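Q: Predicted model and sequence below, questions to follow.
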Number of protein chains: 2
Amino acid sequence: MNGAESMLQVARRAGVDVCFANPGTTEMQLVAALDAVPGMRAVLGLFEGVCTGAADGYARMRGIPALTLLHLGPGLANGLANLHNARRAHSPIVNLVGDHATWHLGADAPLTSDIESLARPMSGWVRTVHTAAQAGQDMADALAAALRPPGQVASLVIPQECAWDAAGPDLPAVKVPAPAAVQENRVQAAAATLRQGAATVLFLGGRALRARGLRAAARIAAATGCRVMHETFFARLERGGDLPVFDRLPYFPEQALGALGGAADMVLAGTRAPVAFFGYRGGASSVVPDTCTVSVCAQPEEAVEDTLEALADHLGAPPYAPGSRPERPAAPSGALTPDSLCQALAAVQPPGAIVVDEAATSGFAYTLFAGGDPHTILGLTGGAIGQGLPCAVGAAIACPDRRVIAFQADGSGMYTVQALWTMAREGLDVTTLVCANRKYRILQFELMRAGVPEPGRQAARLTELAPPPLDWVSLARGLGVPGTRVDTADALVAELRRALAAPGPSLIEALL
Amino acid sequence: MNGAESMLQVARRAGVDVCFANPGTTEMQLVAALDAVPGMRAVLGLFEGVCTGAADGYARMRGIPALTLLHLGPGLANGLANLHNARRAHSPIVNLVGDHATWHLGADAPLTSDIESLARPMSGWVRTVHTAAQAGQDMADALAAALRPPGQVASLVIPQECAWDAAGPDLPAVKVPAPAAVQENRVQAAAATLRQGAATVLFLGGRALRARGLRAAARIAAATGCRVMHETFFARLERGGDLPVFDRLPYFPEQALGALGGAADMVLAGTRAPVAFFGYRGGASSVVPDTCTVSVCAQPEEAVEDTLEALADHLGAPPYAPGSRPERPAAPSGALTPDSLCQALAAVQPPGAIVVDEAATSGFAYTLFAGGDPHTILGLTGGAIGQGLPCAVGAAIACPDRRVIAFQADGSGMYTVQALWTMAREGLDVTTLVCANRKYRILQFELMRAGVPEPGRQAARLTELAPPPLDWVSLARGLGVPGTRVDTADALVAELRRALAAPGPSLIEALL
C-alpha cells in the first residue's frame, strides 16, 4: 500500500465516498488509488472551480466532507473562489493538492508555486504531508479538522513521493470533534432578553435554519412575542411544508438597518451579528442600530439546534404548532419578469426540491414565496460568483433522490459554466434555470450608488453581457445538456414542468 | 480628481492603454474612471482568468503592461493560474485588485479575504494602497516594478476609500528601469567556452528567442560550430522568414537528457538551466548531464540580445547569412491526425501570424514545421492550462494588424472558454483551432509513466472528455463565435483558409 492508497483508505473508512477531481501528473498515484478503494466515487470537473463548488454543495447536504483532487498551486488557485464560499458556509471539505516531489522543489520547475500561501486564506487548516508513512494520519487529521464544528475547509498538500512511497500498515481512525454543548447561562440570559418581546430580534443563521432550529425559533417567538429574522447569505435554509417562515435581512445596508429599526436587543443563534456586504462612502460596517445590544445564545460552532430547543423549553413554550403559512403561489401567466420568473419557479418546484439560488438580482423575489412542499435553498455565502452550477452538481450527488434546481443568473453562471458537462456525464437530475437579463445588473445598481447615475460608454459596457448575447441553449448543447429558451411566463411554467419531470439534466434560458 | 482617476491618469501617461476587467462593487470608482481617462480601453472578460491571460498575451506582444481590474480576493484567485503563466513568461502586468474600505475590513464581511497572501505567490511585487493621495505614486511604482527587466507581475490592492477619496495634484512619472548592461567578462568567458565547438550547447530562452537574438545565435554557431538549442516552454518565439531554426529541448526528462547527451558545456542566454517539468520516481531534477558545466552569458533580466550580438562580434563572426531553411510544408490531405493537423496549420498560416500554442499533445509536431512566412509563437510557460484562448485575446488587442491563431487543445480550452465571448465582443481577428481528441491525453501518458498501464475505470474516466463529447461548434455559437467542425485534413485546410481570410473571430473543431 502506498501513501496515496492509505490516504484514500482512511477517508473511505471515515465515510467519505466522493472525490471531485481535476488531476494532473503530480496526482497520478492518487488517481490510480481511486480504483483501489471500493466505494470511492471519482467525479471529473473540467475546471477546478467546479470541483470545489461541488464539494461545497455536497457538504451542505450531507454534512460530511467530499474530497477534491487538484493539481498543484494553479489547480488549487482555480478552485479558491468556491472554497471562499465554502469557508463562509462552514462546509467541511478536504482538498488534496498534489505537489512536486520534495527533492524537485528546489529546481523551481514551471508549475512550482507556494501552495500553502495560496491555500491559507480560504482554508481553516493547511498541512503539507512529509512522508508516505504519515500520509494516512495526515488524512485523518485533515478530516477531523474539516469536521470540527461548524465545519471548515482543510487543505492537504501532498508531495509526490508521499503518494508513491510505501505507507505504514496502520489506517488511523478519524476523531470527529463534537460541537460544544448547550451553554445554560446563555440560555437563561437569552430567555430574559427575549421575554422583552417585540423590541428583541432573535437572529438566526447557520444550523438554526434547519427544520429543528426553525421550529424551536417559532416556539420562542410564540412564547415571547420576539421578532425572528435570519441572515441574508445563508448556506442552507429549509422551507415549505409545516415550517415557519421568517424574514430575511435585506441586502443593502440602509434597508437592513431599516428592517432592524426599533430593535433594542438582538440575540444571535448560529451566526454572527450582521454587517454590510460592502462599505459605502459615508456608511458604516454594522447594520445593527447603535442603540441595539447584541448577545449570543449559540455560536455557529456550538449545538445551535439543541440550544434553541433548550431555550424554547426554558421559556415554557408549547410544542411547535404550525401557524398560518403562505400558500404556494399560482403559476403566473403573461410577461416574463424577475417577479413572474420567481413565482413560476415557486409554483412548480417539486416536493423535496433543492434550489441552489445564485439568481442574484433576478431572484430577489424568490425567497418571498415560502409556501408549498418542503424544499431546501442553498445560497451564495461568500459573494464569489460562479458557485451555483457547481454547488448544484454536489447537491445532486449528495441527494440522488431529490430534484436539484440551479436557479442561476447569467453573469454568475458563466464563471463555472463547465459544471453543466459534469451534470451530463453523471446524469444528474439538475434543472438549470438561467435568468438571462444579459447584464451584471447588480453593478448597474452599484454604479448608481457610487454616484455614477449615467455611466460612460466603457463603464456601461463593463456591466452589459451583450452584444454578443450569450446563447445558453447552445452553451448547454455544447456541454451535453439539452436546453430550451422561453420568453413568457406561460412558456417558462410549461418548460419547467416538463424539465422537472424528466430524468437527467436540462437547462431553460429565461429571457428577461 | 479622486484616487481612482489619478491611478489611471498615471498609467495612461506611462503609455498604458488597455485594462482587462471583471470588476465588482469595490471597483466602481475605477470603472467610472475608465471613461475619464481618454485613450484607456476597457475590455470585459466574463471570467477573471480571461483578463489575466489576456494581459499576459498583450505584454508578450507589446512589451508594456496592461492593467487588469479584479474583484477582491476571489476575483484575483480566479485570475491566478494565468498570472502564474505570466510570471513564468516574465510578462509585465499590473493587477488592480479592489478591496473593502479599510474601516470595513474588521467587519469580516462575506467577500473579505487575505488578498496579499493570495497575490504573493504569483506576483513579483505586491502592495496595498494606503491613501488616495498616494495612489498615483503607488501606480507609478507598480508600473516600474512590472517593467523591471525582464518583466514581472505587480499586484496593487486598492481599499475602496483610496479610490473614492481626493487624490493629490501630482501625477508621478514612471521610472522605467533599464536592463543590466552587457557583462564583458561573461562575453569573453562564453566565447572561450563556445570556441570548443560541437561539445558546447548555447541554450537560448526569453528574449534570445526574438529575431535579434536568434540571428546573433546563428552567427555564433557559424563562427564556433557550437550547437544551439532553446527552452521547451518559451514565452515567445519568432519563426519563419529568414530566421534560423534551432532545436527545442524535448519535454520528457529522459528525452531532454538524451538531446543534451555528449554536451560538455552549456552556455545560457536569457534563461535558466533546464529542469524536468515533473520529478519522476527514480528520476532527477536536472536534465543537464552530470558531466556538463553550465555558465551564463546573459541572465533573463540582462541585455540578452545585446549580449548575444556582442558575443558574435567578439568571436569575429560575419554578419548573419540565412542558411538553408525548412520549406513551408504542403497542405496535407487524407486523415486528420495530430501530425496532419499541425502540418495543415503550418501550411496555411498567413504572414505575420501569431500562433498561441496550447495544443498540448496534439500540437507536439507543430514547432517542427518552421518554414514559411515570418510568424510568432506564444507558448505555455507555467503549465497552468487555460492560457491559450485568453492569451490570444491579449495578442489580438496588442496587434490588431496581425492574425492570431489560437491553437488549442480541447481539455485546456475548457478552463477559460469564456475568452471566446471577448473575441466576439471586441471583433478580434482570432481563428481558434480546437484539437478535439476528447481526452486529457497527456494524463494517459503520465498514468503509464506512473506504472499504471491499464488504469481502472475511475482513473480512465478522469482522463476522458467523453461521454458526453464536447461540442465546440455549439460552445462557440453560445459565445457569439461562428464555428465549423472538420474530420479530414482536406476539410481542415479548406476551413482554415476560409477562416483566416475572414475578419473577426471564428472557431474550427478538428476531430481527432
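A: The structure has been received and is ready for your questions.

Q: which residue packs closest to residue A:173, ignoring adjacent ones?
A: What sits nearest to residue A:173 in space, not counting adjacent residues and going by C-beta to C-beta, 6 or more residues apart in numbering or on different chains, is residue A:140, at 6.7 Å. C-beta coordinates here come from the backbone N, C-alpha and C atoms, glycine included.

Q: Tell me which other helices or strands the one helix or strand the one you found maps to touches.
A: If you go by DSSP states H and E, residue A:140 is part of helix A:132-147. With contacts defined as 3 or more C-beta pairs under 8 Å, 6 or more residues apart in numbering or on different chains; DSSP states H and E, the packing partners of helix A:132-147 are helix A:3-13, strand A:93-99, strand A:125-128, strand A:153-159, helix A:160-164.

Q: rerun at 6 Å
A: With contacts taken as 3 or more C-beta pairs under 6 Å, 6 or more residues apart in numbering or on different chains; DSSP states H and E, helix A:132-147 sits against helix A:3-13, strand A:93-99, strand A:153-159.

Q: okay if I get these as CSV plus mean neighbour count?
A: Formatted as CSV, the helices and strands packed on helix A:132-147 follow (neighbours: other C-beta atoms under 10 Å in any protein chain shown):
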stretch, mean neighbour count
helix A:3-13, 25
strand A:93-99, 29
strand A:153-159, 27
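
Q: angle of the helix holding residue A:140 against strand A:93-99?
A: 150 degrees (axes from the mean of the first three to the mean of the last three C-alpha atoms, to 10 degrees).

Q: which residues are in contact with helix A:132-147?
A: Here helix A:132-147 makes contact (C-beta atoms under 6 Å, 6 or more residues apart in numbering or on different chains) with A:3, A:6-7, A:10-11, A:14, A:65, A:92, A:94, A:125, A:129, A:154, A:156, A:162, A:165, A:167-168, A:171-172, A:174-176.

Q: quick one, strands of the stretch 151-300 of chain A?
A: Taking DSSP state E, counting those that start in this stretch, the strands of the stretch 151-300 of chain A run over residues A:153-159, A:200-204, A:227-230, A:236-239, A:247-248, A:265-269, A:293-298.

Q: Nearest to chain B, out of the ones you listed?
A: strand A:153-159 (9.2 Å; C-beta to the nearest C-beta).

Q: tell me what the closest one is packed against?
A: helix A:72-89, strand A:93-99, strand A:125-128, helix A:132-147.

Q: Other residues contacting that strand?
A: Contacts of strand A:153-159 (C-beta under 6 Å, 6+ apart): A:83, A:86-87, A:93-99, A:101-102, A:115, A:119, A:123-129, A:138, A:142, A:145-146.

Q: Tell me which residues touch the residue of chain A most remote from its centre, please.
A: Ranked by distance from the centre of chain A (C-alpha atoms, centre = their mean), the top residue is residue A:107, with 38.9 Å. Counting by C-beta under 6 Å, 6+ apart, residue A:107 touches B:275, B:285.

Q: Against residue B:358, how distant is it?
A: 23 Å (C-beta to C-beta, to the nearest Å).

Q: can you check residue A:70 too?
A: In terms of C-beta to C-beta, residue A:70 sits 20 Å off from residue B:358.

Q: neighbour count winner among those two?
A: When neighbours are counted by other C-beta atoms under 10 Å in any protein chain shown, residue A:70 and residue B:358 differ, and residue A:70 comes out ahead with 33 against 28.

Q: Please give me every residue in contact with residue A:377.
A: A:237, A:355, A:357.

Q: distance between the host helix or strand of the second one and the chain's centre?
A: In this structure, residue A:355 is located in strand A:354-358 according to DSSP H and E. Its chain's C-alpha centre and that of strand A:354-358 lie 9 Å apart, by C-alpha atoms, centre = their mean, to the nearest Å.

Q: average model confidence for it?
A: For strand A:354-358, mean pLDDT is 98.

Q: Stretch A:104-116 too?
A: On average, the pLDDT along stretch A:104-116 is 97.

Q: Give the buried residues for that stretch.
A: A:104, A:107, A:109, A:110, A:111, A:112, A:113, A:115, A:116 (16 or more other C-beta atoms under 10 Å in any protein chain shown).

Q: now stretch A:8-27
A: A:8-14, A:16-27.

Q: And for stretch A:228-246?
A: Buried residues in stretch A:228-246, counted by 16+ other C-beta under 10 Å: A:228-240, A:243-246.
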